[in-house]
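>>> Sequence first, then the predicted structure, then my questions.
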Amino acid sequence: MPPPADTNAAPKLLKWAEGAAVAPRPAHHHKEMLKRLQRLADGKSDRLMLLMPPGSAKSTYASVVFPAWYLLTHPKSRVIAACHTESLAAHFGRRVRALVLEHGAATADGLARDDRAAGRFATRGGASYFAAGVRGPLMGRRAELIVIDDPIKSIAEAESAVMRDSLWDWFRAELTTRLTPGGKIVLVMTRWHEDDLAGRLLASDDTWQTLRLPALAEAGDPIGRAPGEPLWPKWEDTAALARRRLAVGPRAWAALYQQSPRTDAEALFQTGRIGVLEAEPACRRVVRAWDLAATTAAEGRDPDWTAGIKLGRTEAGGFVVLDVRRLRGGPHEVAETIVQTAKLDGREVAVGLPQDPGQAGKQQVAWLTGLLAGFRVAAGPETGSKITRAQPAAAQTEAGNLSVVRGAWNRAFLDELGDFPGGRKDDQVDALARALAMLADAPARRMQLGIFGR
């Protein structure tokens, strides 16, 4: 590890940034960023999270100015920069390299002649910089400073539990293992989802120092703004932000601009109240309810899922999701899955099916019921809006009466509930609503839904 820099002799970061001829000139929020980065460089913290909206020039100062200054003032230091794509990492690398070349030209810290690539270069003083895309190869690299800038590239990636898990695994198992003992990490990003990288770190590691600056100030603003005051009025004033808010909608506004992804209080389902059980409890009655789709996935198409929720009512009167089955397939694949799942569940588990309006819906239910010979089948039309049907399940959630058994399906299930009704998918929500109706009012529902048996 390189010796600590002489912070008395080295130019302070803010002073250096103001003289570095970087556009835009440091605004109030940039100066607060630079103050936090200076504290990290001085060893007063080693984990710093900078959370700001798009267009706030956070990357200019956190991913360009700061790394360039750090390389020039910390002899023999090694810096790794990571972004959501390799091309963005190289873009930042070129800007860092240009600053190092300009401000280190007259010193021993200018660029070494033999290593000047945009994403990989070294100074004559022995410091080095390496840029990579998220999940890019890092083997053989070590760093005293890691800067992660916007590791998520799109809303589709943010909404994918698989992609969030992949990013988390890469961060923990690959990126952080490149850090030397006593090294520092800066995460600068716009929030996308409550379970994004920042969200997971905030939930699991209290050692991070955090600067969260929403587009419109809230009470207790870190830079002293009055509530409702814009972050950077020269860039977007209050009127411009009002138009932006209307254009993007409430959920994206809360996440991307206010750096506060949807909270449980803003969602129909308060997923924070859903307990996770390590084993199945004793249940006095169990059902499996389905929401049906019959379209296969294909390139450029994002069809609905067929989802089957296995729900039990415990001896204490609570409800527990025991299992979730999901697939995208044609009618015969869906039918085969429903029948095979029923056989695995056992004949004591009633099967709930929705009946679409019209003759085709009746024929589908009759066909599936015939395939389920020997099982209890409850089928009936959907009535009311999706929100109306989901409200009883949401009420049980709010009361703390809904739990899940730990399983690989948990995250996708909880994500969908948490996103409802603003999310892209609601198949599991619909299936849960039907399952709860079957359990909560079984005698009345028996007449309403109709019970078929063979």
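Perfect, thanks for sending it. As the structure is a computational prediction, the values presented were derived from the model and not from experiment.

>>> Walk me through the domains of the protein.
Under the assignment automatic domain parsing, the domains of the chain span 13-262, 271-452.

>>> Let me have those domains in TSV, extended by mean pLDDT and mean neighbour count.
Backbone N, C-alpha and C define where each C-beta goes, glycine included. Shown next, in TSV, are those (pLDDT from 0 to 100; neighbours: other C-beta atoms under 10 Å):
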stretch	mean pLDDT	mean neighbour count
domain 13-262	89	18
domain 271-452	87	17
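
>>> so who does the closest residue to Asn410 other than its chain neighbours touch?
Counting by C-beta to C-beta, 6 or more residues apart in numbering, the nearest residue to Asn410 once its immediate chain neighbours are dropped is Val404, at 5.7 Å. Applying C-beta atoms under 8 Å, 6 or more residues apart in numbering to Val404 gives the contacts 274-277, 320-321, 410, 413-414.

>>> and with 10 Å instead?
Contact partners of Val404, counting by C-beta atoms under 10 Å, 6 or more residues apart in numbering, are 271, 274-277, 311, 319-324, 410, 413-414, 417.

>>> right, and Arg376 touches Ala350 too?
Yes: with contact defined as C-beta atoms under 10 Å, Arg376 counts as touching Ala350 (4.3 Å).

>>> quick one on the thing from earlier: list the ones among the contacts of Val404 that fall in helices.
Using DSSP state H, 410, 413-414, 417 are the members of those that sit in helices.

>>> got the end-to-end distance for stretch 13-31?
Distance between the boundary residues of stretch 13-31 (C-alpha to C-alpha, to the nearest Å) amounts to 10 Å.

>>> And the helix or strand encompassing Lys15, what does it pack against?
Secondary structure here is read from DSSP states H and E; on that basis Lys15 sits in helix 13-18. Contacts of helix 13-18 with other secondary structure elements, assessed using 3 or more C-beta pairs under 10 Å, 6 or more residues apart in numbering; DSSP states H and E, are made with helix 28-41, helix 66-73, helix 86-103.

>>> Between the ones you listed, which one is closest to Val22.
For these, distance to Val22 was read as C-beta to C-beta. The smallest value, 7.6 Å, belongs to helix 86-103.

>>> Now the closest one - C-alpha only, PDB.
What follows is helix 86-103, C-alpha atoms only, in PDB (Å, rounded to 0.1, in the frame of the first residue of the first chain):
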ATOM      1  CA  GLU A  86     -16.800  -0.900 -20.900                       C
ATOM      2  CA  SER A  87     -17.500   1.900 -23.300                       C
ATOM      3  CA  LEU A  88     -18.600   4.300 -20.600                       C
ATOM      4  CA  ALA A  89     -15.600   3.300 -18.500                       C
ATOM      5  CA  ALA A  90     -13.300   4.100 -21.400                       C
ATOM      6  CA  HIS A  91     -15.000   7.400 -21.900                       C
ATOM      7  CA  PHE A  92     -14.300   8.400 -18.300                       C
ATOM      8  CA  GLY A  93     -10.800   7.000 -18.600                       C
ATOM      9  CA  ARG A  94     -10.000   9.300 -21.500                       C
ATOM     10  CA  ARG A  95     -11.100  12.300 -19.500                       C
ATOM     11  CA  VAL A  96      -9.100  11.300 -16.500                       C
ATOM     12  CA  ARG A  97      -6.000  10.700 -18.700                       C
ATOM     13  CA  ALA A  98      -6.400  14.100 -20.300                       C
ATOM     14  CA  LEU A  99      -6.400  15.800 -16.900                       C
ATOM     15  CA  VAL A 100      -3.400  13.800 -15.700                       C
ATOM     16  CA  LEU A 101      -1.600  14.700 -18.900                       C
ATOM     17  CA  GLU A 102      -2.400  18.400 -18.600                       C
ATOM     18  CA  HIS A 103      -1.700  18.800 -14.900                       C
END
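
>>> State the distance from the residue positioned nearest the centre of the chain to Val22.
The centre of the chain sits closest to Asp196, judged by C-alpha atoms, centre = their mean, with a distance of 2.9 Å. According to C-beta to C-beta, to the nearest Å, Asp196 and Val22 sit 28 Å apart.

>>> what do you get for Leu13?
12 Å.

>>> Give the residues shared as contacts by those two.
Listed as contacting both Leu13 and Val22 by C-beta under 10 Å, 6+ apart are 61, 65.

>>> quick revisit: Ala132: which of the helices and strands packed on helix 13-18 is closest?
Distance to Ala132, taken as C-beta to C-beta, is lowest for helix 86-103 among the helices and strands packed on helix 13-18, at 5.8 Å.
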